[in-house]
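Trainee: Next comes the sequence, and after it the predicted model I'd like to discuss.
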Amino acid sequence: MHLDAIVVKVRSDAHVVNRPVYIALGIDLDGAKHVLGLWISKGDEDAKYWLGVLTEIRTRLPTMCSSCAPTGSADSLTPSKRYGLMPPYKHVWYI
């Protein structure tokens, strides 16, 4: 599973603001890519936010992509530690 983001401009209260759109991408055993979800945020993500996103992915994963599974270790998330992603990742995926 890969998590990435793209920043887009959205209209909010008559103002145009930048918002991150997070994308979860799963790759099955045949190498086919599957979009597991898209989440628009305000840019103030914390561990509670990521716990909700990862729990939703884990809950829906068997129906979306039966052969997709998280790969690698939680250590590969080093750049994301400052966003609070590491503890929820370990909690949800039991790494």
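Mentor: Cool, got the structure.
Trainee: which residues of this structure fall in helices?
Mentor: Along the chain, counting by DSSP state H, helices occupy 47-64, 86-93.
Trainee: rank the ones you listed by mean pLDDT and give me the bottom one.
Mentor: Here the helices of the chain differ in mean pLDDT, and the lowest is helix 86-93 at a mean of 64.
Trainee: so what's residue 2 bridging to?
Mentor: Note on residue 2: beta-bridge partners residue 25, judged by DSSP bridges.
Trainee: Might you report the residue contacts of it?
Mentor: Applying Cβ atoms under 8 Å, 6 or more residues apart in numbering to residue 2 gives the contacts 24, 25, 26, 27. C-betas here are computed from N, CA, C, even on glycine.
Trainee: and residue 41, what pLDDT?
Mentor: 88.
Trainee: count of residues packed around the residue nearest to it when sequence neighbours are not counted?
Mentor: Take residue 41 and drop its neighbours on the chain: the residue closest to it by Cβ to Cβ, 6 or more residues apart in numbering is residue 20, 5.3 Å away. Residues lying near residue 20 (other Cβ atoms under 10 Å) number 17.
Trainee: Show me the beta-bridge partners of residue 20.
Mentor: residue 7.
Trainee: Offset the numbering so it begins at 803, please.
Mentor: Sounds good: first residue 803 from here, last item residue 822.
Trainee: Who are the contact partners of it?
Mentor: Going by Cβ under 8 Å, 6+ apart, residue 822 touches 807, 808, 809, 810, 842, 843, 845.
Trainee: Nearest residue to the second one in space, please, no chain neighbours.
Mentor: To tie it back to what came earlier, the one meant is residue 808. Of all residues not flanking residue 808 in the chain, residue 823 sits nearest, at 5.4 Å (Cβ to Cβ, 6+ apart).
Trainee: Same check on the first one?
Mentor: Closest residue to residue 807 in three dimensions, ignoring its sequence neighbours and counting by Cβ to Cβ, 6+ apart: residue 822, at 4.5 Å.
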